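Asks: how would this look folded up:
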Amino acid sequence: VLRCFDDDNITHVDGSVDPVRDKEIIDYELQLKDLETVEARMAKTQKQAQTGGDKVAKMQYEVLRQYKEALDQGKPARSVQFESVDEQKFARDLFLLTNKPVLYVCNVDDASAVNGNKYVEAVREAVKDENAQILIVAAQTEADIAELDTWEERQEFLNEIGLEESGVSRLIRSAYALLNLQTYFTAGPDEVRAWTFMRGSKAPQCAGIIHTDFEKGFIRAEVIKYDDYVTLGGEGGVKEAGKLSIEGKEYVVQDGDIMHFRFNV
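Replies: Numbers count the residues shown, from 1 in each chain. Below is the predicted model:
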């Protein structure tokens, strides 16, 4: 989260507002830690890679060498891409801090909530080569929205300032997309629950999120699409329209699916 607003009543620890500088300070600290990790692994791997015919050690050393080269130049680990599956797996297993996906949230003043400002543009320019997302949020506006009691009041407030949805909602959507996550629902007489799963997961794996027995004894899944549920007035309307589908073990669960699992253990 980067400060992208001026306010004489809120003192900045460095005495001035400069989101690019703030970002670079954090980047530098994380890169130093990653460099420490990489150099320690290189010291262990170098001898194996150079003295023997260990192909795995040579591959690992080359991955580490490329990371070190990038970090020495002040670049994050995520700026380095690898082609082979083995290289990619080893790179992931290093758990480098600057290899994690990044979402920059620019905290702006109310007037800049829709289109941003000069600080946001400076951040956008600074991160253009990072393959990172930027989100504009006005924290004060979000605080004002949170104090409103009803959905209608919140929507009216958003419409007045020119926003379609709150920054919090956009932040959640962006974070889910960044982490490759989606949501399915279960609905019963007592409660409706949302369950988070990795994009591309199949029905048994998603059932296992509720309970491992659901995955072990999976038989089938009864699936209602979210849009059908809304437009047809619920489960009864969906069944009458013949829109409820029966899916097996190979079904890839979609974002917003409303699911009922059949299983037997």
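
Asks: Need the three-state assignment for Met259.
Replies: Using DSSP: H, G, I helix; E, B strand; the rest coil, the structure places Met259 in strand.

Asks: wait, doesn't it sit right on Val253?
Replies: Yes: with the criterion set as C-beta atoms under 8 Å, Met259 and Val253 qualify as a contacting pair; they are 7.2 Å apart. (Glycine included, C-beta is placed from N, CA and C.)

Asks: list the residues that contact both of these two?
Replies: Overlap of the contact sets of Met259 and Val253 (by C-beta atoms under 8 Å, 6 or more residues apart in numbering) consists of 184, 203, 206.

Asks: quick one: what helix or strand has Thr45 in it?
Replies: For Thr45, the host element (DSSP states H and E) is helix 19-51.

Asks: So which elements touch that helix?
Replies: Helix 19-51 is packed against strand 2-3, helix 55-72, helix 118-126, with contacts defined by 3 or more C-beta pairs under 8 Å, 6 or more residues apart in numbering; DSSP states H and E.

Asks: can you do 10 Å?
Replies: Contacts of helix 19-51 with other secondary structure elements, assessed using 3 or more C-beta pairs under 10 Å, 6 or more residues apart in numbering; DSSP states H and E, are made with strand 2-3, helix 55-72, strand 103-107, helix 118-126.

Asks: low pLDDT regions in the stretch 51-200 of the chain?
Replies: Under the criterion pLDDT under 70, the flagged ranges of the stretch 51-200 of the chain are 52-53.

Asks: need the strands for it, in chain order.
Replies: According to DSSP state E, counting those that start in this stretch, the stretch 51-200 of the chain carries its strands in the segments 103-107, 133-137, 181-187, 192-198.

Asks: Pick the most deeply packed of these.
Replies: Among the strands of the stretch 51-200 of the chain, judged by mean count of other C-beta atoms under 10 Å, the one packed with the most neighbours on average is strand 103-107 (a mean of 20).

Asks: what's next to that one, contact-wise?
Replies: For strand 103-107, the surrounding residues in contact (C-beta atoms under 10 Å, 6 or more residues apart in numbering) are 1-5, 19, 23, 112, 116-117, 119-124, 126-127, 130, 132-140, 142, 167, 170-171, 174-175, 177-179.

Asks: From Lys23, how far out is Thr150?
Replies: Look at Thr150 and Lys23: by C-beta to C-beta, to the nearest Å, they are 38 Å apart.

Asks: Compare the two and say which is more crowded by neighbours.
Replies: Applying other C-beta atoms under 10 Å to Thr150 and Lys23 shows that Lys23 carries more neighbours, namely 18 against 8.
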